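# sequence and computational prediction follow.
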Amino acid sequence: VIEKGQAEHSVITTCAYCGVGCSFRAEMKGTEVVRMVPHKDGKANHGHSCVKGRFAWGYATHKDRVTKPMIRAKITDPWQEVSWEVAVNHAASEFKRIQAKYGRDSVGGITSSRCTNEETYLVQKLVRAAFGNNNVDTCARVCHSPTGFGLGQTLGTSAGTQEFDSVDFADVIMVIGANPAAAHPVFASRMKKRLREGAKLIVVDPRTTEMVDGAHYKADYHLKLKPGTNVAIINALAHTIIAEGLAKVDYVSERCDMAEFAKWEAFILEPKNSPEAMEEVTGVPAAEMRAAARLYANGGNGAIYYGLGVTEHSQGSTMVMGIANLAMLTGNIGREGVGVNPLRGQNNVQGSCDMGSFPHEFPGYRHVSNTTVRELFEDAWGVPLQSEPGLRIPNMFESAIEGTYKGMYVQGEDIAQSDPNTQHVTAALEAMECLVVHDIFMNETGRFAHVFLPGASFLEKDGTFTNAERRISRVRKAMPPLAGLADWEATMALSNALGYKMDYKHPSEIMDEIARLTPTFKGVSYDRIDELGSIQWPCNDAAPDGTPTMHIDTFVRGKGRFIVTEYIPTDEKVNSRYPLILTTGRILSQYNVGAQTRRTHNNTWHDEDRIEVHPHDAEERGIKEGDWVGIASRSGETVQRAVITDRVQPGVVYTTFHFPESGANVITTDNSDWATNCPEYKVTAVQVLPVTQP
Ligand code: SF4
């Protein structure tokens, strides 16, 4: 299926799926990809790959690609194919009309973690400079925004502390709310190699994932907690370490703010945070929590890797801070083999956050209210900028329904499928007067659009992605854009039509501007990336070749800050009507909302989302393997087929979210993280009952 003939030349580029950021050689015959071969010099993957990056690239030339810009007056009208010039002029005049009628803040934009750093930078620049407001947000809002907040508060910067190679020096690996075997396969293989060499493994997850019972190793402890009780567990682990005298006192006193530590220590030692007190809350035996805490504190280098099972909760930010507290308490930050490492889901989540996609931050995580920073950007961009943070994505939806937010430019994100409580999202999109969707396929969001701009895949453009270890790697054009323009060129055209001049000849010029304006990127350029292969930021005068390990002598914020992490149960409660908790995750062969992988041969391995039900719950409801079941929550209902398995615990059901027809987000709720509004995808009270085949 894959072989198509002999390659004539090859192009080194970066996988556009997950946050591992594997380097590939795209072998080409003319402008056609013959095969993707993992690049042996790739520093994130060292010549390895998974079924997505290696085989699932066919979507790039799939017949469903939209290759012509389209416009329509109403969302019930048929699409009309037009030139790029007509499309961007139409979008620009609509945005101007809306701002004239409803005010400057009635429009905004959403950047994509699928697009390059340079493209993300341009979208946020367009919003701030051409729209004149800060209504820009990113799809990281719904995944790792709590990482940004939590690590920023405790350590001083919102990024993982280590490079992937660091896992080779870990003695104890703690995986929390992540299933890298499915979602970050190449890094999972590195981790498994280390486990086979004898490293210990603690898994904190409500489900028995592939990480718990691998073919050649077993987790030493699987803390199979009830969904929504992460903070209770992390507090119990910290309580044990302090109460049993296992803390690295010298490290804490030398590296951390002792006044903050004293407050936190008094809190964590309260009896309510003991494993015994948290046993019923979490469903995990106190003895297991104590044993896991001892292993992490005493077992040598302890490295924590976590995923969306940490962040996508009403206490997502609290849990990220709890993880940082635990690592500081045990001296596990600042050298190889340790650290706090968020596993980013999408290829450029790290980069989209770095590039200033949030409504309160310029590139480099600097607040828009900071006058010095704002003046720097005003000088560079030649326009006055706003000092008040703009709307987050959930606020955009609320404002749209209220009638004050009327126009939006969405690049590379299918918010109608990926954001929670679909009914609420679609009501907001229906209320828009000008929705511009910029994507490679017509998607669910496109159903509500007035302008559709055809996007370019990663094979059709130059740029950079930044992976989960802060590694900036080149994306290189292997074929011309099918629709004529790469995404950065389309954004530039829209900005120019709006009257704000952008004139970049190549994405390298955009990166040069980013480097001029962002201290952590000061030493980054395409020439340097080509010379070094890739660069981990910070890259500047102090670290001209980049920074594999952060916080070596001091934390970025100076002294590490312990923060009190009170466990507060989620508002999403089970009751007799909705007695089960639904949690969600991913499978190896599919990717996110499936727009790419569903259009490849990977679809033959998994062609539908299914719901896992524990045998006890299945028997109680008369559900058998493969039966169709209805899943109902307070938000909505959907139908899937059942898998009966004790990988889930009694009272908990689990599904994936790769297929629009399965409607996983029809049933998720509006609950979100208290600090960042990251949706609480991981906890939804549901009922699951047999239905006849739909
Ligand atoms: Fe692509 Fe991630 Fe697979 Fe690497 S591990 S090939 S980056 S999907």
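On my side now, so go ahead. None of the values given here were measured: they were computed from a predicted structure. Numbers count the residues shown, from 1 in each chain.
# so the closest residue to the ligand within the chain, which of the three states?
Residue nearest to the ligand within the chain: G53 (2.4 Å; C-beta to the nearest ligand atom). (C-beta placed from N, C-alpha, C; glycine too.) Assigned with DSSP: H, G, I helix; E, B strand; the rest coil, G53 falls in the helix class.
# looking at the protein, which helix is longest?
Longest helix in the chain by number of residues (criterion: DSSP state H): helix 84-102.
# what helix or strand is G109 on?
Taking DSSP states H and E as the definition, G109 sits inside strand 107-111.
# swap in E279?
helix 275-282.
# tell me the buried residues in that helix?
275, 277-279, 281-282 (16 or more other C-beta atoms under 10 Å).
# tell me where the stretch 351-500 of the chain has helices.
371-381, 393-402, 415-418, 422-430, 487-498 (DSSP state H, counting those that start in this stretch).
# compare those helices and give me the one nearest H506.
Evaluated over the helices of the stretch 351-500 of the chain, closeness to H506 peaks at helix 487-498, with 9.3 Å, by C-beta to C-beta.
# thinking again about what came up before, quick one: residues contacting the spatially closest residue to the residue of the chain closest to the ligand that is not a sequence neighbour.
Excluding the flanking residues, the one nearest G53 by C-beta to C-beta, 6 or more residues apart in numbering is C15, at 3.8 Å. Residues counted as contacts of C15 (C-beta atoms under 8 Å, 6 or more residues apart in numbering) are 21-24, 49, 52-53, 347.
# and what of A87?
69-71, 451-453.
# let's have the residues you listed in JSON lines, adding pLDDT and distance to the ligand.
Below are those laid out as JSON lines (pLDDT from 0 to 100; distance: C-beta to the nearest ligand atom, whole Å):
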{"residue": "P69", "pLDDT": "98", "distance to the ligand": "30"}
{"residue": "M70", "pLDDT": "98", "distance to the ligand": "30"}
{"residue": "I71", "pLDDT": "98", "distance to the ligand": "35"}
{"residue": "V451", "pLDDT": "98", "distance to the ligand": "31"}
{"residue": "F452", "pLDDT": "98", "distance to the ligand": "27"}
{"residue": "L453", "pLDDT": "98", "distance to the ligand": "26"}
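# which two in these are spaced the farthest apart?
Most distant of the contacts of A87, by C-beta to C-beta, are I71 and L453, 9.8 Å apart.
# return every residue with contacts to both of these two.
Common contacts of I71 and L453 (C-beta under 8 Å, 6+ apart): 87, 91.
# those two: which is more packed in?
Using other C-beta atoms under 10 Å as the criterion, I71 and L453 rank with L453 on top: 28 against 21.
# grab the nearest non-local neighbour of that one.
That would be H438: by C-beta to C-beta, 6+ apart, it lies 4.2 Å from L453.
# number of nearby residues for that neighbour?
Counted by other C-beta under 10 Å, the residues lying close to H438 total 29.
# who's in contact with E163?
43, 469, 471, 536, 548-549.
# cool, and G356?
Contacts for G356 (C-beta under 8 Å, 6+ apart) come out as 121, 124, 136, 362-364.
# now those: which count as buried?
For the contacts of G356, buried by 16+ other C-beta under 10 Å: 121, 124, 136, 362-364.
# which one of the residues you listed is nearest Q99?
V136 (15.1 Å).
# excluding its backbone neighbours, what's nearest that closest one?
Distances taken as C-beta to C-beta, 6+ apart place V127 nearest to V136, at 4.0 Å, with adjacent residues excluded.
# quick one, helices of the stretch 101-250 of the chain?
Remark: helices assigned in the stretch 101-250 of the chain by DSSP H, counting those that start in this stretch are 117-125, 145-154, 180-183, 185-196, 230-243, 249-255.
# and those, which one's lowest on average pLDDT?
Sorting those by mean pLDDT places helix 180-183 lowest, at a mean of 88.
# with the ligand in mind, check whether that one reaches it.
No: using C-beta under 6 Å from any ligand atom, helix 180-183 never reaches the ligand; the gap is at least 8.2 Å.
# which other helices and strands does that helix contact?
helix 185-196 (3 or more C-beta pairs under 8 Å, 6 or more residues apart in numbering; DSSP states H and E).
# what are the buried residues along the helix it packs on?
185-192, 194-195.
# so where do the helices sit in the stretch 501-650 of the chain?
Applying DSSP H, counting those that start in this stretch to the stretch 501-650 of the chain gives helices spanning 507-517, 526-532, 615-621.
# close to the ligand: what parts of the stretch 151-300 of the chain are there?
184-186.
# try it again with 5 Å
185-186 (C-beta under 5 Å from any ligand atom).
# now the chain
Within the chain, the residues that sit near the ligand (C-beta under 5 Å from any ligand atom) are 15, 17-18, 20, 22, 49-50, 52-53, 185-186.
# out of the helices of the stretch 351-500 of the chain, point me to the one whose mean pLDDT is lowest.
Ranked by mean pLDDT, the helices of the stretch 351-500 of the chain bottom out at helix 415-418, which scores a mean of 83.
# pLDDT score assigned to the residue lying closest to L329 once chain neighbours are set aside?
In this structure, L329 finds its nearest non-sequential neighbour in A247, 5.1 Å apart by C-beta to C-beta, 6+ apart. The model reports A247 with a pLDDT of 98.
# A247 contacts A297, doesn't it?
Yes: using C-beta atoms under 8 Å, A247 is in contact with A297, at 7.4 Å.
# mind checking which of the two has more residues around it?
The neighbour count for A247 versus A297, taken as other C-beta under 10 Å, is higher for A297 (24 against 19).
# if we ignore the residues flanking it in sequence, what's nearest the more buried one?
Closest residue to A297 apart from its sequence neighbours, by C-beta to C-beta, 6+ apart: L246 at 3.9 Å.
# run a quick neighbour tally on that neighbour.
Residues within reach of L246, counting by other C-beta under 10 Å, total 16.
# how about Y409?
When counting by other C-beta under 10 Å, one arrives at 27 neighbours for Y409.
# tell me what it is bridged to.
G109, V436 (DSSP bridges).
# any idea how far apart the tips of stretch 113-128 sit?
One end of stretch 113-128 to the other measures 19 Å (C-alpha to C-alpha, to the nearest Å).
# next helix or strand past the lowest-mean-pLDDT helix or strand in the chain?
None of the helices or strands of the chain scores lower by mean pLDDT, DSSP states H and E than helix 664-667, at a mean of 76. The C-terminal neighbour of helix 664-667 among helices and strands, as given by DSSP H and E, is strand 684-690.
# strand partners of that following strand, parallel vs antiparallel please.
strand 580-585 (antiparallel), strand 628-633 (antiparallel).
# quick one, domains of the chain?
Domain assignment of the chain by automatic domain parsing yields the ranges 9-61, 70-142+349-517, 145-342, 580-690.
# for the residue nearest to A297, give me its contacts.
Counting by C-beta under 8 Å, 6+ apart, L246 has contacts 240, 293-294, 297-298, 330.
# any idea how far I631 is from it?
Between L246 and I631 the distance is 43 Å, computed by C-beta to C-beta, to the nearest Å.
# just P275 next, same as before
P275 sits at a distance of 33 Å from I631 (criterion: C-beta to C-beta).
# cool, and K263?
Applying C-beta to C-beta to K263 and I631 gives a distance of 43 Å.
# between those two, which is the more surrounded one?
Neighbour comparison, K263 and I631: the larger count goes to I631, with 26 against 14 (by other C-beta under 10 Å).
# quick one: low-confidence parts of the stretch 451-600 of the chain?
Where the stretch 451-600 of the chain drops to pLDDT under 70, the residues are 589, 593-594.
# which parts of it are strands?
Using DSSP state E, counting those that start in this stretch, the strands of the stretch 451-600 of the chain run over 451-454, 463-466, 471-475, 535-536, 580-585.
# just checking: what are the partner strands of the fourth one?
This points to strand 535-536. Checking strand 535-536 against DSSP bridges gives partners strand 471-475 (antiparallel).
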